[in-house]
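Enquirer: model this:
(chains A and B)
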Number of protein chains: 2
Amino acid sequence: MSAADAEAGQGAAAQPVVILVRPQLGENVGTAARAMLNFGLTELRLVQPACGWPNIKAVQACSGATVVLNHLTVFPSVAAATQDLSRVLATTARGRDIGKPILTASAGARALRAALAEGGRAGLLFGPERTGLTNDDLLFADAVLTVPLNPAFSSLNLAQAVLLVAHAWFQESAAQPAELRPAPADPHRQPATKGELQGLAEHLVAELDEVDFFKTADRRQSLVQTIKLLLQRASLDGSDVHLLRGIIKALAGKDRPAALRTARRG
Amino acid sequence: MSAADAEAGQGAAAQPVVILVRPQLGENVGTAARAMLNFGLTELRLVQPACGWPNIKAVQACSGATVVLNHLTVFPSVAAATQDLSRVLATTARGRDIGKPILTASAGARALRAALAEGGRAGLLFGPERTGLTNDDLLFADAVLTVPLNPAFSSLNLAQAVLLVAHAWFQESAAQPAELRPAPADPHRQPATKGELQGLAEHLVAELDEVDFFKTADRRQSLVQTIKLLLQRASLDGSDVHLLRGIIKALAGKDRPAALRTARRG
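Expert: Sure, this is the predicted structure:
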C-alpha cells in the first residue's frame, strides 16, 4: 500500500487514473487534484500541460492535496498517457456524436469498475478548459461520459467536472460490496491496452500505405479514423492483437523471403 | 414564469432556495451561483455576508450566472432567511450529532421535493468556508444533509459543496437512463448479418490458406475458430465488413494485375 493509497483511505483498491489533456491553468490542476482526493482518487496524469509543470499555482490551489500533485506524471500525447490502459472514458460537456456509447457518470463508474475487476487499468480523460477534447483525443476512448446539466447553462469548471465524475466513482464504490463485483469472465482474457491497439492500427496502416490502399490523403484520413474506431470497439484482448498482427504480416507477405515479394512492390 | 426560471430551463417548477450563511469570499458566492445554475437552481440568499454585497469578485467569478446574482437577497439572520420556508436542510462536512436526521444528498433532494409538492417552500443552508454552520444555525434545520467524502481528505470548497447538492437535486428531478445512448446509436449503423460475418471469415481464411499461415491442420482448426469468435465479438456493421474485405484484398495483392502476384504463389 503506497502513501497515496493510505491517504486515500481505500487501501490498495484499484482505481482509475485521471488524465488532464492540455490543461491551461495551474489553479485548475490544483483544484482538480483536490476534487480527486475528496473522493479517494490519487493518480493524476497531465498531457502537454499548457500551464507548464511543475506549477506553483497548482500547489497553492490544491488545499493540501499534495499527495496527488507529488505523484503526477506528464506525458507528451494522449496516446502515451493511455498506453497502459485497457479502458478509457472521455468526458465531454455535451455527449458529442462520434459513434461511441454515451454514459452517465454512474454508468461510467460501473464500466470502470468492471474493467478494473478484469485486472486491467482504466482512465478518465478531461479536455482543456475552453475547448474540451478534440475528436482526435476521443479516438482513444471506449465511451463518452457526460453529466446532464441545465441545457441553458452548461459551462462547468474543470475541477467541478472532475469532482462530479469522482463523486460518481466514490458512490458506485460505496454502493457495490466487493462480493457483487463481476468476476472476470475468463481470467486469461485481458483486454488489450491502448498501446497494443495503437501498435496494431499503425502496423495495419503502414502495410496499407505500402500497397497504396488509401489512394488520396482525404480518403486516408477518414479511413484511418474508421479503422481506429473499429479496432477500439472490437473488444480485442492481447492475444487477439497478436493474432491480427500475424495475419497482417502473412497477408502482406512479410513472413516470406524478400525475393518472393519483389513483384508486389512494383 | 420568471426570467430566472426561463434561463434555468425548468419552467416554473418549484425549487429549493440556496442560503449561504456568512460567506467570507465574494469569489465563492460567484462560483456557488454558477454551480447552482449548472443544475437549474436560481434563488440565492445571503445571510450577513462577510464579503459584503454587492461584490465585484462574485460577479467576475460567476462565469455568466448573473441571473442568480441579480436576483439574490441579503438577510440579517438565519431566522429571517428561513422565515418563509417550511422545510430546511443544513449541509455539514461530517454529519454532526445534534439529534437531527442525517440524510444523503439524494435522500435530501427527495425530502425537498416532497415538501415542495405539498405547496411549501424549501431551502438549503451552507455555512461559512472555514468553520461551517454553528449549532445555533442548525436549530433552523429539519435535517442535516451530508455528502460522504474520503475521510482522510474531506475539505470541500463552498462552491463544490453547492455543486454536489445541486447535482443530487437535479438527478432526483430527472430520472435518467444510465446509458444515454447505447451503442450503436447511429440509425445507419446496422449490425452485420451473420452471413456477412461468415463471408468475411471465409474470405480471410482462404487468403491465409494461400500463404500457408496455419501450417498444420490442428493449428488451422483452432485458429479459424478464434478468428470467427473474434469477428463475432467485434461489433462490426455492414460497412465495417466491406472495409475489412477491401483491406484483406489489398494486403493479399488481389487488387493488382495477376502478373505482379505470380511470385507470391511459389
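
Enquirer: partner residues bridging the residue most central in space within chain A?
Expert: Nearest residue to the geometric centre of chain A (C-alpha atoms, centre = their mean): residue A:88, 3.3 Å. Beta-bridge pairing for residue A:88 (DSSP bridges): residue A:123.

Enquirer: if I look at it, how far off is residue B:168?
Expert: To residue B:168, residue A:88 is 27 Å away according to C-beta to C-beta, to the nearest Å. In this view, the C-beta of every residue, glycine as well, is placed from N, C-alpha and C.

Enquirer: ok, residue A:23 next?
Expert: Taking C-beta to C-beta, one finds residue A:23 at 27 Å from residue B:168.

Enquirer: same check, this time on residue A:53
Expert: 34 Å.

Enquirer: neighbour-wise, which of the two wins?
Expert: residue B:168 (23 against 15; other C-beta atoms under 10 Å in any protein chain shown).

Enquirer: pretty sure that one contacts residue B:109?
Expert: Yes - in this structure, residue B:168 is within contact of residue B:109 by C-beta atoms under 8 Å, at 4.7 Å.

Enquirer: domains of chain A?
Expert: Following automatic domain parsing, chain A resolves into domains at A:3-180, A:194-265.

Enquirer: just the element for the spatially closest residue to residue A:145 that is not a sequence neighbour, please.
Expert: Spatial nearest neighbour of residue A:145, chain neighbours left out: residue A:108 (3.9 Å); criterion: C-beta to C-beta, 6 or more residues apart in numbering or on different chains. Following DSSP states H and E, one finds residue A:108 within helix A:105-117.

Enquirer: what residues of that helix count as buried?
Expert: A:105-113, A:115-116 (16 or more other C-beta atoms under 10 Å in any protein chain shown).

Enquirer: out of these, which is nearest to chain B?
Expert: Among the buried residues of helix A:105-117, residue A:107 lies closest to chain B (C-beta to the nearest C-beta), at 3.9 Å.

Enquirer: pLDDT score assigned to the closest one?
Expert: As predicted, residue A:107 sits at a pLDDT of 90.

Enquirer: coming back round to it: what's the spacing between the residue nearest to residue A:145 and residue A:234?
Expert: In terms of C-beta to C-beta, residue A:108 sits 20 Å off from residue A:234.

Enquirer: what's the answer for residue A:226, then?
Expert: Per C-beta to C-beta, residue A:226 is found 12 Å from residue A:234.

Enquirer: also residue A:24?
Expert: 35 Å.

Enquirer: buried sites along stretch A:69-85?
Expert: Neighbour-count burial for stretch A:69-85, counted by 16+ other C-beta under 10 Å, picks out A:69, A:72, A:75, A:78-83, A:85.

Enquirer: low-confidence regions, the stretch 1-150 of chain A specifically.
Expert: A:1-13, A:94-98 (pLDDT under 70).

Enquirer: contacts only, for residue A:231.
Expert: Going by C-beta atoms under 8 Å, 6 or more residues apart in numbering or on different chains, residue A:231 touches A:197, A:200-201.

Enquirer: also residue A:252?
Expert: Going by C-beta under 8 Å, 6+ apart, residue A:252 touches A:207, A:210-211, B:251.

Enquirer: ok, back up a step: dump the buried residues of stretch A:69-85 to TSV, plus secondary structure.
Expert: TSV is the format used below for the buried residues of stretch A:69-85 (DSSP: H, G, I helix; E, B strand; the rest coil):
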residue	secondary structure
A:69	helix
A:72	coil
A:75	strand
A:78	helix
A:79	helix
A:80	helix
A:81	helix
A:82	helix
A:83	coil
A:85	coil
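
Enquirer: just put those residues in CSV and tack on distance to chain B.
Expert: Output for the buried residues of stretch A:69-85, formatted as CSV (distance: C-beta to the nearest C-beta, whole Å):
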residue, distance to chain B
A:69, 13
A:72, 16
A:75, 25
A:78, 21
A:79, 22
A:80, 26
A:81, 24
A:82, 19
A:83, 22
A:85, 19
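
Enquirer: farthest pair in those residues?
Expert: Greatest spatial distance among these (C-beta to C-beta): A:69 and A:79, at 23.8 Å.

Enquirer: which non-adjacent residue is nearest residue A:105?
Expert: Closest residue to residue A:105 apart from its sequence neighbours, by C-beta to C-beta, 6+ apart: residue A:168 at 3.5 Å.

Enquirer: wait, a strand at the one you found?
Expert: No - counting by three-state DSSP, one finds residue A:168 to be helix, located in no strand.

Enquirer: so it sits against residue A:111, correct?
Expert: No - with contact defined as C-beta under 8 Å, residue A:168 does not reach residue A:111; the gap is 11.1 Å.

Enquirer: let's see the pLDDT reported for residue A:255.
Expert: Reported pLDDT for residue A:255: 71.

Enquirer: who touches it in this structure?
Expert: A:249, B:211 are the contacts of residue A:255 under C-beta under 8 Å, 6+ apart.

Enquirer: the same query, at a cut-off of 6 Å, please.
Expert: By C-beta atoms under 6 Å, 6 or more residues apart in numbering or on different chains, the contact list for residue A:255 reads residue A:249.

Enquirer: and the strands in chain A, which stretches?
Expert: For chain A, applying DSSP state E gives strands covering A:17-21, A:44-47, A:73-75, A:87-91, A:102-103, A:122-126, A:143-145.

Enquirer: reformat these as CSV; add distance to residue A:239.
Expert: Below are the strands of chain A laid out as CSV (distance: least, C-beta to C-beta, whole Å):
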stretch, distance to residue A:239
strand A:17-21, 24
strand A:44-47, 27
strand A:73-75, 27
strand A:87-91, 18
strand A:102-103, 28
strand A:122-126, 20
strand A:143-145, 23
